[in-house]
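Provided below for reference: sequence and predicted model.
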Amino acid sequence: MGIQQKFAINVCILIYLTIFSSESTPLDDYVHAEDPHFGWTLINTYDEIDYKLYILNFTSQKWLDENYSSRSIWWHYLCITVPKKLTRPDTAFLFIDGGSNNDSIPQPQDLFVAATAMIAVGIGSVTADLQDVPNGPIRFTDDPANRSRIEDATLAWTWRSFIKDSSNIYAPLNLPMTKAAYRAMDAVQQFTEQYNITTPKKFAVAGASKRGWATWLTAAVDTERVVAAIPIVMDILNFQANLHHMYRSLIGWTFIFEEYYAANITLNVDNVNMTKLSAIIDPLNYIDRFSKTKILQIQSTGDEFFLPDNEAAFWKDLQIATGGSFLRRMLNADHSCVGHIISLFFSMRSFYISVYDNRPLPKLQWMKSSNNTHGYIRATVDFSVGPKPISALGYRAQTLDNKRRDFRFFIGNPNDPTKPMANPVFWSTTNLVIEEETTTTIVYSLTIENPKSGWEGFLIQVNFPGLDGTVLELTTETQIIPDTYPTGDCHGEQCLGTLV
């Protein structure tokens, strides 16, 4: 099936989903159901120079029961920072974080506790670091290995449970993860009211990877409170289509999918129950709910989970639904964003301030094209309705061989594909052309010749001045040339594939 034909099918799917996306789904029903287990207790307070930090033991829900898993009661540490100069009190920033329920009580110097405190002081708003999403370690009663599971091992097993029996509609881990964030907003509001702190009415929500997925879904289930969403390294909207995109690009499945491979998720990519699962957890299914939500999607060029051009399967539709969302692809970063955490939090800070102050956000639009000789990106900034750019840069990178359309920083070791090895695909700057400049617009373009072998990726980054001395870095989608795949698509059980 050709790329254009597949996109046409995706559009038809989108139309179908949009018709039904305003109706209640199992995700809505689960998240909004009353739960008497909800509650919180203040366990520690730190009085720092610029802020107070409150550590809460927070119970978000009961997820199914003990017949399903060893951890039906979900509890978390919720770390709330209140700056001593509360200049933007009406909205709070919620960061959905990971961790283990075996971890010790958080301290002010912990990475994401400190990072959210930095944002609180920098923006003058309440912030909260919600830890232990998902809860774990966890064991499942029907797991013959009786494994103690965390993170992907947990998520994969719950997907497997649903694919085996789709009547268990609350089994997918995405549901309790989303409810944890939803109830955390309740806890923040209750806490601030009880402690005579101005209670935020709205929230900006952010999270990375699986927590990025929960960010999308939290915005979908609470369109009143969530005014901004910042999903990080999670762009697999149009879920099944992008899984097929991965298979065709890598001739298999990225090594980091080991748990999903072991749980036969790849074997069941085309299973009817996988389609039912997607209808519940794919953010694309809720796209019309994002019409009032400001979305900044932050990705990385070398992500070992997701491909740098996943946006091709959904970005135009997201733009139509939202009236304009925003993308930043961090250069030379992998899925963990190691070395880029501070930059990432500065981007979130800048975006949050602009949304809170209701300032015009950048109006950056682009188009991509390619043929049998070259690829092209044309990016237009209209600063009659938003800020004028400070600067713009082009970036490009080439795959290391012609075997796979592969821009990951790490790949599976051929001798043991469950073990990573370096794949140093580095992105370097390249010259842009200013095609046009007026008193209100500027047009940048980047033209790259098709490589003699392998594939080349390129994008345009535009930097904008933010408020309070911040800078907001935005990028276009990634264009990959030539617009070909190293293999055909898989179908049905052929999709089991291999790890690479």
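Arrived safely. Residues are numbered from 1 along each chain as shown.

going along the chain, name the helices of this protein.
With helices called from DSSP state H, the chain shows them at 3-20, 26-32, 111-123, 151-164, 174-194, 210-221, 239-250, 258-262, 272-281, 315-322, 341-356.

so which of those helices is nearest L472?
helix 341-356 (4.5 Å; C-beta to C-beta). Where you see a C-beta, it was placed from the backbone N, CA and C, and this is true even at glycine.

which helices and strands sit right next to that closest one?
Packing partners of helix 341-356 (3 or more C-beta pairs under 8 Å, 6 or more residues apart in numbering; DSSP states H and E): strand 91-96, helix 111-123, strand 202-208, strand 226-232, strand 294-300, strand 326-330, strand 471-475.

quick one: buried residues of that helix?
By neighbour count on 16 or more other C-beta atoms under 10 Å, the buried set for helix 341-356 is 344-356.

and it, what's its mean pLDDT?
Helix 341-356 shows a mean pLDDT of 92.

please apply the same query to stretch 468-485.
Average pLDDT, stretch 468-485: 94.

start the count at 9 instead of 1 going forward.
New numbering, starting at 9: the last item is stretch 476-493.

and it, which residues are buried?
Buried residues in stretch 476-493 (16+ other C-beta under 10 Å): 478, 480-491, 493.

centre of the chain to that stretch, how far?
Here stretch 476-493 is found 15 Å from its chain centre; the criterion is C-alpha atoms, centre = their mean, to the nearest Å.

span of that stretch from start to end?
Start and end residues of stretch 476-493 are separated by 45 Å (C-alpha to C-alpha, to the nearest Å).

same thing with stretch 133-147?
Stretch 133-147 has its terminal residues 38 Å apart, counting by C-alpha to C-alpha.

kindly report the same for stretch 388-400.
Using C-alpha to C-alpha, the distance between the terminal residues of stretch 388-400 is 11 Å.

which outside residues touch that stretch?
The contact list for stretch 388-400, computed with C-beta atoms under 8 Å, 6 or more residues apart in numbering, reads 368-374, 387, 440, 448-452, 468-474, 479.

what average pLDDT does it get?
pLDDT averaged over stretch 388-400 gives 96.

give me the buried stretch members for it, please.
In stretch 388-400, counting by 16+ other C-beta under 10 Å, buried: 388-391, 394-395, 397, 400.

cool, and stretch 157-175?
Neighbour counts over stretch 157-175 (16+ other C-beta under 10 Å) mark 157-171, 174 as buried.

and those, which two are furthest apart?
For those, the farthest-apart pair by C-beta to C-beta is I158 and S174; their separation is 25.0 Å.

that older thread, among the buried residues of stretch 388-400, which one lies nearest to Y190?
G394 (31.4 Å).

distance check, that closest one against T388.
Separation of G394 from T388 (C-beta to C-beta, to the nearest Å): 12 Å.

S78 too?
From S78 to T388 the distance is 54 Å (C-beta to C-beta).

tell me the contacts of A387?
372-374, 400, 451-453, 468, 470, 484.

okay, now the unreliable bits of the stretch 9-158 of the chain?
By pLDDT under 70, the low-scoring segments of the stretch 9-158 of the chain are 9-30.

and F211, bridged to which residues?
Assessed by DSSP bridges, F211 has beta-bridge partners A100, V234.

was I right to think it contacts I104?
No - using C-beta atoms under 8 Å, F211 is not in contact with I104, being 11.1 Å away.

re the thing from before, T49 is nearest to which of the helices and strands packed on helix 349-364?
helix 119-131 (18.0 Å).

make a markdown table from the helices of the chain and add distance to T49 to it.
Formatted as a markdown table, these follow (distance: least, C-beta to C-beta, whole Å):
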| stretch | distance to T49 |
| --- | --- |
| helix 11-28 | 40 |
| helix 34-40 | 23 |
| helix 119-131 | 18 |
| helix 159-172 | 26 |
| helix 182-202 | 10 |
| helix 218-229 | 23 |
| helix 247-258 | 38 |
| helix 266-270 | 34 |
| helix 280-289 | 31 |
| helix 323-330 | 38 |
| helix 349-364 | 28 |
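
could you say which of the ones you listed is packed most deeply?
helix 218-229 (a mean of 26; mean count of other C-beta atoms under 10 Å).

how far off centre is that helix?
For helix 218-229 - counting by C-alpha atoms, centre = their mean - the centre lies 8 Å from the chain centre.

so which of the helices and strands packed on helix 349-364 comes closest to L35?
Using C-beta to C-beta, the helices and strands packed on helix 349-364 put strand 234-240 closest to L35, at 14.2 Å.

tell me what that closest one is packed against?
strand 210-216, helix 218-229, strand 302-308, helix 349-364.

quick one, which of the helices of the chain gets closest to T67.
helix 182-202 (8.6 Å).

ok, back up a step: format the helices and strands packed on helix 349-364 as TSV; extra columns: distance to L72.
Below are the helices and strands packed on helix 349-364 laid out as TSV (distance: least, C-beta to C-beta, whole Å):
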stretch	distance to L72
strand 99-104	21
helix 119-131	28
strand 210-216	23
strand 234-240	25
strand 302-308	31
strand 334-338	36
strand 479-483	40
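
quick one on the thing from earlier: do you know which of the helices and strands packed on strand 234-240 lies nearest S32?
The nearest among the helices and strands packed on strand 234-240, by C-beta to C-beta, is helix 218-229 at 10.0 Å.

and the closest one, what does it pack onto?
helix 34-40, strand 99-104, helix 159-172, helix 182-202, strand 210-216, strand 234-240.

any idea how far the closest residue to I81 other than its chain neighbours lies from F199?
If the residues on either side of it in the chain are set aside, I81 comes closest to K70, at 5.5 Å by C-beta to C-beta, 6 or more residues apart in numbering. Spatial separation of K70 from F199 under the definition C-beta to C-beta is 21 Å.

please apply the same query to T262.
T262 is 40 Å from F199, by C-beta to C-beta.

same question for R386.
49 Å.

pretty sure D491 sits against K376.
No - using C-beta under 8 Å, D491 and K376 do not qualify as a contacting pair, with a distance of 9.6 Å.

joint contacts of the two?
Joint contacts of D491 and K376 (C-beta under 8 Å, 6+ apart) are G383.

what about P44, neighbour count?
7 (other C-beta atoms under 10 Å).

got it, and the one 4 residues further on?
Counted by other C-beta under 10 Å, the residues lying close to W48 total 22.

so who does it touch?
Contacts of W48 (C-beta under 8 Å, 6+ apart): 64-67, 86, 195, 198-199.

low-confidence ranges in the stretch 209-358 of the chain?
Checking the stretch 209-358 of the chain against pLDDT under 70 turns up nothing.

reformat the buried residues of helix 349-364 as a markdown table; add distance to M429.
Output for the buried residues of helix 349-364, formatted as a markdown table (distance: C-beta to C-beta, whole Å):
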| residue | distance to M429 |
| --- | --- |
| L352 | 26 |
| F353 | 30 |
| F354 | 32 |
| S355 | 30 |
| M356 | 32 |
| R357 | 35 |
| S358 | 36 |
| F359 | 35 |
| Y360 | 38 |
| I361 | 41 |
| S362 | 41 |
| V363 | 41 |
| Y364 | 44 |
